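**Q** Requesting a structural model of the entry that follows:
(one chain, ligands or ions: 2)
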Amino acid sequence: MNGFNAVESNVCGNGVATISETVLENVRTLVKLRLRSDCEIKLISEGVLKGQSGDKVYHVMRKNTIELLAVAKIFHKKDTFENECKAIEILKSLKEAQKLGASTHIENLATFPLESCFLMLQSPAAGKGLDDYLEYYFKTKKSKSDEFIGLMKATARAFAELHRNTISSQRACIDLYVNKIRSLLGEIPEVRKKFEEECSYLSSKDCSERINRLITRAEKDRRLGSIIHGDGHPGNIFANFQEGRWVITWIDTDSLYLTTNGNELKGHAPPERDYSYFLVHLRNIYLRSMLELAEGVDIHPKYHLLKCTFKKEYEMNQHHVVKSHKDLQAVRGLLASIIRSFKRPIMLGSHEFNHEWKIRQLTILKLEKIVKKY
Ligand SMILES: Nc1ncnc2c1ncn2[C@@H]1O[C@H](COP(=O)(O)OP(=O)(O)OP(=O)(O)O)[C@@H](O)[C@H]1O
Ligand SMILES: [Mg+2]
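**A** Ligands and ions are numbered 1, 2, ... in the order given. This is a model prediction of the structure:
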């Protein structure tokens, strides 16, 4: 057995993935070569929200200790394997760019192709899965609410923070609209002159900066969607209380990569998906715990408290995505009416031209009002 104790007796997952003894032997050898010789692998399959995909996941422990050295995950689908590799890199780069403060990611320590599958050695996420914390909270009388409220808040903040990110190569900006209006104006010198005046207002540093910020952010959100976890049930969220605060680690991230696809049909990812998926699973854990508890134990207030805490904290931290969508529409509508007001005078007499001009001025005032909100 090469110094390993393999524990492979559990039945795991919904899938039919089986691992041949040859593959398992290879895993043991690779783990030994890559990490250290005195380690053993143990199949993880103790929980309802663990290893449902059918792919096997092993703890790599230092032999005869409880020291967790790594996690060995075996993928049967190349796509899933590649997506998880890419997602880990995305999270890492977001972290390096300081876009993730409330959460962190695991490291891909090494990957190896095996006979008809792939092995990934991951750094262990600190702490425990949220599913374990939640079950403990619901089932244990003396569990303190304060601690779990903190955990829910940290999770909600981590989700909100992740959802604020998009992978965007193209940055939308006000120039796009200005150029469009210029080209519409064409050869009409008088109108063009007025427009240039107006442009200098729109381009004044403060105003244009605000519009640019607004449009860039909302445009990115709309076109590419937020980056979401995509499979964010509590079993895929690890939490550890360290230095006085909860640190959240995302695991099982293969779906995350798909949400960074610019294709609106394939990759567009509404943050609501993570949000509702998480709450549905929270409810499932609560219902399951309730069934397992003795009759007469009312844990509904506990569930209600956690659910409301999560919702409130998430909405407090994520609001600007929703807000920027609305404001972008308002700015778009206003800019579109500016374009229209420039187009129409071509067919109108001078009286109507003045009237249109006034409308345009009013529009600019409205635009200014919206932009000033920022
Ligand atoms: N990096 C890690 N650190 C610590 N534990 C891990 C790590 N990766 C996986 N695990 C443990 O193994 C379990 C199964 O892993 P994972 O969620 O990646 O597999 P899965 O089969 O894709 O699960 P799912 O049912 O969510 O699709 C997790 O719930 C977690 O308990
Ligand atoms: Mg999982």
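
**Q** all contacts plus neighbour counts: C-alpha atoms, from now on.
**A** OK.

**Q** Around ligand 1, pick out the residues from the stretch 151-300 of the chain.
**A** 235-236, 251-252 (C-alpha under 6 Å from any ligand atom).

**Q** burial measure for residue 256, as a count.
**A** 24 (other C-alpha atoms under 10 Å).

**Q** go on, the one 5 residues further on?
**A** By other C-alpha under 10 Å, the residues close to residue 261 number 19.

**Q** Would you double-check that it falls in a strand?
**A** No - applying DSSP: H, G, I helix; E, B strand; the rest coil, one finds residue 261 to be coil, outside a strand.

**Q** is it possible to export the residues of the stretch 151-300 of the chain next to ligand 1 to TSV including distance to residue 18?
**A** Below are those laid out as TSV (distance: C-alpha to C-alpha, whole Å):
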residue	distance to residue 18
235	22
236	22
251	22
252	20
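
**Q** Skipping adjacent residues, who's closest to the residue in the stretch 251-374 of the chain that ligand 1 sits nearest to in space?
**A** Residue nearest to ligand 1 within the stretch 251-374 of the chain: residue 252 (3.9 Å; C-alpha to the nearest ligand atom). Nearest non-adjacent residue to residue 252, counting by C-alpha to C-alpha, 6 or more residues apart in numbering: residue 236, 5.9 Å away.

**Q** got it, and residue 82?
**A** Residue 82 sits nearest to residue 254 (C-alpha to C-alpha, 6+ apart), 7.8 Å away.

**Q** quick one, helices of the stretch 201-350 of the chain?
**A** 205-224, 254-258, 271-292, 300-343, 350-372 (DSSP state H, counting those that start in this stretch).

**Q** Now do the same contact list for residue 151.
**A** Residues counted as contacts of residue 151 (C-alpha atoms under 8 Å, 6 or more residues apart in numbering) are 239, 246.

**Q** what about it, is that helix, strand or coil?
**A** Residue 151 ends up helix, using three-state DSSP.

**Q** Please tell me how far it sits from ligand 1.
**A** Counting by C-alpha to the nearest ligand atom, to the nearest Å, the gap from residue 151 to ligand 1 is 17 Å.

**Q** Renumber starting at 53 from here on
**A** Okay, using 53 as the starting number, the last item reads as residue 203.

**Q** quick one on the thing from earlier: would you quantify the distance from the residue nearest to residue 134 to residue 102?
**A** Residue 306 is 15 Å from residue 102, where distance means C-alpha to C-alpha, to the nearest Å.

**Q** Repeat that for residue 284.
**A** From residue 284 over to residue 102 the distance is 12 Å, taken as C-alpha to C-alpha.

**Q** Among these two, which residue is more densely surrounded?
**A** Between residue 284 and residue 102, residue 284 has the larger neighbour count (other C-alpha under 10 Å), namely 24 against 19.

**Q** can you give me phi and psi for the more buried one?
**A** Torsion angles at residue 284 (phi, psi; degrees, to the nearest 10) stand at phi -80, psi 50.

**Q** mind checking how far it is from residue 183?
**A** From residue 284 to residue 183 the distance is 11 Å (C-alpha to C-alpha).

**Q** Confirm residue 218 sits in a helix?
**A** No - under three-state DSSP, residue 218 sits outside any helix and is assigned coil.

**Q** residues near it, how many?
**A** 23.

**Q** Test my guess that it contacts residue 278.
**A** Yes - counting by C-alpha atoms under 8 Å, residue 278 is a contact partner of residue 218 at 5.0 Å.

**Q** List of residues touching the helix or strand where residue 122 lies?
**A** When elements are assigned from DSSP states H and E, residue 122 belongs to strand 120-127. If you take C-alpha under 8 Å, 6+ apart as the criterion, strand 120-127 is touched by 87, 107-114, 133, 169-176.

**Q** ok, which of the residues you listed also contact ligand 1?
**A** 107, 109, 174-176.

**Q** ok, of those, which one's closest to ligand 1?
**A** The nearest member of these to ligand 1, counting by C-alpha to the nearest ligand atom, is residue 176 at 3.5 Å.

**Q** Please identify the buried residues of stretch 331-351?
**A** Using 16 or more other C-alpha atoms under 10 Å as the test for burial, stretch 331-351 gives 331, 333-335, 337-338, 341-342, 351.

**Q** So for it, mean pLDDT?
**A** In this model, stretch 331-351 has a mean pLDDT of 92.

**Q** Where does the prediction get shaky in the stretch 203-352 of the chain?
**A** Applying pLDDT under 70 to the stretch 203-352 of the chain flags the ranges 219-277, 314-321.

**Q** One more pass at 90, please.
**A** Across the stretch 203-352 of the chain, the ranges flagged by pLDDT under 90 are 215-280, 309-329, 346-349.

**Q** Could you do the stretch 53-202 of the chain as well?
**A** Scanning the stretch 53-202 of the chain for pLDDT under 90 picks out the ranges 53-76, 78, 85-86, 88-89, 96-108, 138, 141-142, 144-151, 167-168, 193-196.

**Q** sorry, back to before: same list (the residues of the stretch 203-352 of the chain next to ligand 1) but as JSON lines, adding neighbour count.
**A** Formatted as JSON lines, those follow (neighbours: other C-alpha atoms under 10 Å):
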{"residue": "287", "neighbour count": "24"}
{"residue": "288", "neighbour count": "21"}
{"residue": "303", "neighbour count": "23"}
{"residue": "304", "neighbour count": "19"}
